[in-house]
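Visitor: quick one, fold the following:
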Amino acid sequence: MVTRVMVTGAAGRIGRAVLALLAERGIETNALVLEDPGDLTARLVITGDAADPKTVRAALDGADAVIHLAAIPSPLHHGAGEVFGGNTLATFTVLEEAGRAGIRRAALASSFGVTGLPWTDEPHPHPAYLPVDEAMPAQVADAYGLSKQTDELTARTMARCHHMSVICLRYPFVGGIDERLRARADQLTADPAAGARELWTYLEVRDAARAALLALGVPGPGAHTVHLCAPETLVPFPTEELLRRYHPATPLRRPLPGRTAPIDTTAARRLLGFTAGHLLDV
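Guide: Numbers count the residues shown, from 1 in each chain. Model prediction:
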């Protein structure tokens with residue numbers, strides 16, 4: 001049982017939900033943020049770059065687990081070198097310093113973007129098969145997806161080097177039910193093509209936080225990667241109808257009745273005991 005967790009990116013959407021959940025469970029937190037917003041519910045707030053070893057060491061004070069969320073979240077608003085270099089160095093530094101400090105449990109925010117589908121320059125990318133699972137070949141052509149591929153490789157290396165448990169959580173589109181998810185659902189209902197790259201999937205932010213906490217309960221050593229999403233899509237259309245329209249040549253490995261999300265979350269259920277509980281009423 002962890003007693004104090006160091007959370008990077010603690011002022012972000014998932015980070016704030018993680019802090020709230022840990023406080024609810026009576027688990028102390030250290031927050032590492034670029035700038036202190038002044039309202040974080042953490043025992044300790046350290047400001048600075050997660051890629052800086054000295055800053056990370058300060059943020060790890062007293063912690064026995066890490067949830068690493070800090071990252072540039074897309075390739076759209078920063079240069080490719082900044083996205084790749086910043087994300088990968090931060091992940092390396094956080095896990096390396098945690099391992100050196102004797103911490104043996106870590107959760108890492110990966111992304112559905114690791115598949116390459118959301119950001120490739122190809123106008124109409126298609127998955128190799130459906131539903132998507134952790135073994136599906138990636139088709140990354142962007143710095144963000146490459147950074148997440150590298151983060152997952154770093155996780156495996158650090159698990160071996162420091163005998164850690166590191167769980168990489170492949171988050172889809174994440175938001176709160178009453179704001180970001182509702183707006184996204186309305187957008188994709190009006191224009192389903194806009195969701196074809198991400199397969200119309202989502203995860204409510206409280207579920208994203210709960211998955212991260214569950215990941216800290218996985219014993220090590222070892223690194224594992226899991227896809228996460230709500231069991232149904234964001235749009236009021238049958239999934240197989242959408243797939244026939246937008247991914248017509250992609251093999252379907254099993255039926256996806258109704259609005260079933262075309263991402264296989266079996267690994268998350270098996271390893272974490274996780275299923276999404278906060279669902280948008282579409």
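Visitor: can you pull out the helices in the protein?
Guide: Using DSSP state H, the helices of the chain run over residues 13-24, 53-59, 80-100, 143-162, 182-190, 205-215, 239-246, 266-272.
Visitor: avg pLDDT for the fourth one?
Guide: The pLDDT scores in helix 143-162 average 97.
Visitor: next, the angle helix 80-100 makes with that helix.
Guide: 20 degrees (axes from the mean of the first three to the mean of the last three C-alpha atoms, to 10 degrees).
Visitor: now for helix 143-162, which elements pack on it?
Guide: Contacts defined by 3 or more C-beta pairs under 8 Å, 6 or more residues apart in numbering; DSSP states H and E place helix 143-162 against helix 80-100, strand 105-111, strand 165-171, strand 222-227. Quick note: C-beta positions are derived from backbone N, CA and C, even for glycine.
Visitor: which of the ones you listed sits closest to Ile46?
Guide: When the helices and strands packed on helix 143-162 are compared by C-beta to C-beta, helix 80-100 sits nearest Ile46, at 12.2 Å.
Visitor: show me what that closest one is packed against.
Guide: strand 4-8, helix 53-59, strand 65-68, strand 105-111, helix 143-162.
Visitor: among those, which is the most enclosed?
Guide: Ranked by mean neighbour count under mean count of other C-beta atoms under 10 Å, those are led by strand 65-68, which reaches a mean of 28.
Visitor: tell me if I'm right that Ala193 and Tyr246 touch.
Guide: Yes. Using C-beta atoms under 8 Å, Ala193 is in contact with Tyr246, at 6.5 Å.
Visitor: looking only at neighbour counts, state which of these two leads.
Guide: The neighbour comparison of Ala193 against Tyr246 (other C-beta atoms under 10 Å) goes to Tyr246, with 17 against 11.
Visitor: does that one touch Pro192 like I think?
Guide: Yes. Counting by C-beta under 8 Å, Tyr246 touches Pro192, with 7.2 Å between them.
Visitor: ok, back up a step: out of the helices and strands packed on helix 80-100, nearest to Leu272?
Guide: Of all the helices and strands packed on helix 80-100, strand 105-111 comes closest under C-beta to C-beta, at 9.6 Å.
Visitor: kindly list the main-chain dihedrals of Arg43?
Guide: Per-residue torsions, Arg43: phi -60, psi -40 (degrees, to the nearest 10).
Visitor: so who does it touch?
Guide: By C-beta atoms under 8 Å, 6 or more residues apart in numbering, Arg43 lies in contact with 4, 28-30.
Visitor: of the residues you listed - the most surrounded one?
Guide: Counting by other C-beta under 10 Å, top hit in these: Thr29 with 24 neighbours.
Visitor: compute the distance between Glu241 and Leu256, please.
Guide: 10 Å (C-beta to C-beta, to the nearest Å).
Visitor: do Arg245 as well
Guide: Remark: distance between Arg245 and Leu256 (C-beta to C-beta) = 14 Å.
Visitor: pick out whichever of these two has more residues nearby.
Guide: For Arg245 versus Leu256, neighbours defined as other C-beta under 10 Å are more numerous around Leu256 (18 against 12).
Visitor: tell me which of the helices and strands packed on helix 143-162 approaches Ala141 most closely.
Guide: Shortest separation from Ala141 across these is recorded for helix 80-100, at 10.9 Å, computed as C-beta to C-beta.
Visitor: quick one: mean pLDDT over stretch 10-19.
Guide: 98.
Visitor: of the helices and strands packed on helix 143-162, which is nearest Pro73?
Guide: Of the helices and strands packed on helix 143-162, nearest to Pro73 by C-beta to C-beta is strand 105-111, at 8.0 Å.
Visitor: contact partners of the closest one?
Guide: So strand 105-111 is contacted by 2, 9, 14, 64-69, 71, 73, 91, 94-95, 98, 144-145, 148, 151-152, 155, 158, 164-171, 212-213, 215-218, 220, 225 (C-beta under 8 Å, 6+ apart).
Visitor: test my guess that Thr8 contacts Ala63.
Guide: No. Contact criterion C-beta under 8 Å: Thr8 and Ala63 do not qualify, at 11.1 Å.
Visitor: where does the stretch 51-200 of the chain have low pLDDT?
Guide: Scanning the stretch 51-200 of the chain for pLDDT under 70 picks out nothing.
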